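*Asks:* sequence? don't have it. structure:
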Ligand code: FES
């Protein structure tokens, strides 16, 4: 079900924003005019992904470097400390829709 998240212009100006909908913290980010929504909780140890780096349709967790595909939630790089890789699960993403200047998330 589509839920209103925020104004599109505000997201364009801030580039990324965390919203809370139905008790879920969701990171919204815009890259190359596409709006992505991903659970703002790293599947490794729960750090906020909003503090990480978003680029080229991915977000990298600042805590231990796990990298996730913003569209599918697939793990692109496992969490690691130095060269030691740690188990990292796929995370949750949501479809988004922009209509009449408003961003909606499909929950
Ligand atoms: S909490 Fe995100 S990589 Fe460890």
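*Replies:* Nice, thanks for sending it over. These figures come from a predicted structure and were not determined experimentally. Numbers count the residues shown, from 1 in each chain.

*Asks:* For the ligand, see how far away residue 106 is.
*Replies:* 25 Å (Cβ to the nearest ligand atom, to the nearest Å). No exception for glycine: its C-beta is placed from N, CA and C like everyone else's.

*Asks:* partner residues bridging that residue?
*Replies:* With DSSP bridges as the criterion, residue 106 is bridged to residue 2, residue 95.

*Asks:* Could you tell me which residues of this structure lie near the ligand?
*Replies:* 42, 44-45, 47, 61, 63-66, 79 (Cβ under 6 Å from any ligand atom).

*Asks:* At which residues are the strands of this protein located?
*Replies:* In the chain, the strands defined using DSSP state E lie at 2-7, 16-21, 24-31, 34-39, 53-55, 58-60, 67-69, 75-77, 79-81, 84-86, 93-99, 102-106.

*Asks:* Just put those in JSON lines and tack on mean pLDDT and mean neighbour count.
*Replies:* JSON lines is the format used below for the strands of the chain (pLDDT from 0 to 100; neighbours: other Cβ atoms under 10 Å):
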{"stretch": "strand 2-7", "mean pLDDT": "97", "mean neighbour count": "16"}
{"stretch": "strand 16-21", "mean pLDDT": "97", "mean neighbour count": "16"}
{"stretch": "strand 24-31", "mean pLDDT": "96", "mean neighbour count": "20"}
{"stretch": "strand 34-39", "mean pLDDT": "97", "mean neighbour count": "20"}
{"stretch": "strand 53-55", "mean pLDDT": "92", "mean neighbour count": "14"}
{"stretch": "strand 58-60", "mean pLDDT": "98", "mean neighbour count": "21"}
{"stretch": "strand 67-69", "mean pLDDT": "98", "mean neighbour count": "22"}
{"stretch": "strand 75-77", "mean pLDDT": "98", "mean neighbour count": "16"}
{"stretch": "strand 79-81", "mean pLDDT": "97", "mean neighbour count": "15"}
{"stretch": "strand 84-86", "mean pLDDT": "97", "mean neighbour count": "12"}
{"stretch": "strand 93-99", "mean pLDDT": "98", "mean neighbour count": "15"}
{"stretch": "strand 102-106", "mean pLDDT": "98", "mean neighbour count": "18"}
